[in-house]
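**Student:** Fold the following, please.
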Amino acid sequence: MKSPRTLDTRQLQAFEMLVSTGSFTGAAKKLFITQSAVSHSIKNLEESIGCKLLAKQGKKAVPTEAGERLLHSARSWLGEMEKLCDELDGFDRFGAGRLRLGASPKGCQFLLPPILDQFKLQNPRCRFEVHAGDTPRCLEMLRAGEIDIGITLEPIKENSIEFRPWFQDELKVVLPVGHPWSGKTILNQPDVLKENFILYNRESYTFRIIFDFLRHENIHLPSYLELSSVEATKELVKAGVGIGILADWTVVNEVKNGELTTASLSRRKLTRTWGLSSYRGRLLNPAEDAFARIGEEVGCKWMLNRNI
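**Tutor:** Reported below is the predicted structural model:
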């Protein structure tokens with residue numbers, strides 16, 4: 001039984017480059033080696049295969065029939081090896097060579113694009129999988145191993161989750177223009193009793209944050225409507241169905257256009273903390289760590305620019 005032949009990658013590269021350039025001088029320049037090194041590689045490759053691979057055509061080196069057969073396979077194999085090396089380089093620099101990220105629909109729409117723009121400039125080879133979901137859903141995906149990191153609100157009583165805070169936003173009362181409360185900056189309990197409120201649905205973290213805040217401020221909402229859509233909330237407020245409690249950055253355009261106005265619920269700001277969640281005890285790989293740092297920097301700047 002014959003022992004298997006082994007082909008040297010550098011010899012195949014020299015052969016492919018020699019055919020491409022047509023000369024030992026050209027191949028040597030392209031490969032940044034000496035002409036004698038190219039000649040030595042070709043000689044060893046022909047001895048290893050057991051046949052002549054090149055012939056002279058004037059001053060040019062051209063492949064023989066056997067050389068043509070080898071050239072076709074060599075180019076395909078070298079291309080695959082280059083692709084594999086790129087991917088393995090991604091493993092070294094970016095852990096798994098990909099980043100599985102969870103974020104809320106609004107986060108995907110507004111916050112994620114500027115973060116990804118900056119991240120891709122610094123880490124162009126990292127591949128992304130983005131899964132849209134609110135904070136409870138992102139935490140579920142983290143625990144199930146479906147995502148690696150998530151842009152979420154600060155988790156409440158989640159011992160299995162590690163959280164890196166990025167920035168805070170403020171939740172404000174959103175009013176139609178011309179409402180009696182327009183122009184006020186602080187509301188009180190008698191004011192609140194007069195209105196119907198439109199809130200995030202009770203499964204959301206924002207609903208919990210709002211009610212914890214109201215309980216602390218001794219403010220009771222006599223009635224409210226729950227919605228999971230920020231856009232629908234804004235339209236209902238414009239129509240006079242009720243007043244909303246939304247993040248101020250979600251109504252920047254409407255306030256600028258004179259369609260809505262905002263007010264604060266009390267002297268103490270109603271805020272949420274945004275940041276990056278990951279599974280506790282799991283070290284972030286280089287890609288995730290870079291995303292965390294860029295996200296904090298870009299997210300803070302973005303929030304400052306979005307403030308009313």
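**Student:** Could you give me the buried positions within the one helix or strand P136 maps to?
**Tutor:** When elements are assigned from DSSP states H and E, P136 belongs to helix 135-144. Within helix 135-144, the residues scored as buried using 16 or more other C-beta atoms under 10 Å are 135, 137-139, 141-142. From N, CA and C alone the C-beta is placed, and that goes for glycine too.
**Student:** name the helices or strands packed onto that helix?
**Tutor:** Here helix 135-144 touches strand 98-103, strand 149-153, strand 161-176, strand 271-279, going by 3 or more C-beta pairs under 8 Å, 6 or more residues apart in numbering; DSSP states H and E.
**Student:** mind redoing it with 7 Å?
**Tutor:** If contacts are counted by 3 or more C-beta pairs under 7 Å, 6 or more residues apart in numbering; DSSP states H and E, helix 135-144 sits against strand 149-153, strand 271-279.
**Student:** low pLDDT regions in the stretch 101-250 of the chain?
**Tutor:** For the stretch 101-250 of the chain, the stretches with pLDDT under 70 are 185, 188.
**Student:** Now name the helix or strand holding L199.
**Tutor:** Using DSSP H and E, L199 maps to strand 197-200.
**Student:** what's the answer for E226, then?
**Tutor:** strand 224-227.
**Student:** Can you tell me how far the residue of the chain most remote from its centre is from I209?
**Tutor:** Taking C-alpha atoms, centre = their mean as the measure, the residue most remote from the mean C-alpha position of the chain is G58, 55.8 Å away. Distance, G58 to I209, using C-beta to C-beta, to the nearest Å: 80 Å.
**Student:** Likewise for K157?
**Tutor:** Distance of K157 to I209, given as C-beta to C-beta: 13 Å.
**Student:** Look at the two and report which has more neighbours.
**Tutor:** Neighbour comparison, K157 and I209: the larger count goes to I209, with 20 against 5 (by other C-beta atoms under 10 Å).
**Student:** just the helices in the stretch 151-300 of the chain please.
**Tutor:** Ranges of helices in the stretch 151-300 of the chain, per DSSP state H, counting those that start in this stretch, are 189-192, 205-216, 230-238, 252-256, 286-306.
**Student:** Ramachandran angles for the residue farthest from the centre of the chain?
**Tutor:** Torsion angles at G58 (phi, psi; degrees, to the nearest 10) stand at phi 70, psi -130.
**Student:** gap between it and G22?
**Tutor:** Separation of G58 from G22 (C-beta to C-beta) stands at 10 Å.
**Student:** Check G133 too.
**Tutor:** To G22, G133 is 57 Å away according to C-beta to C-beta.
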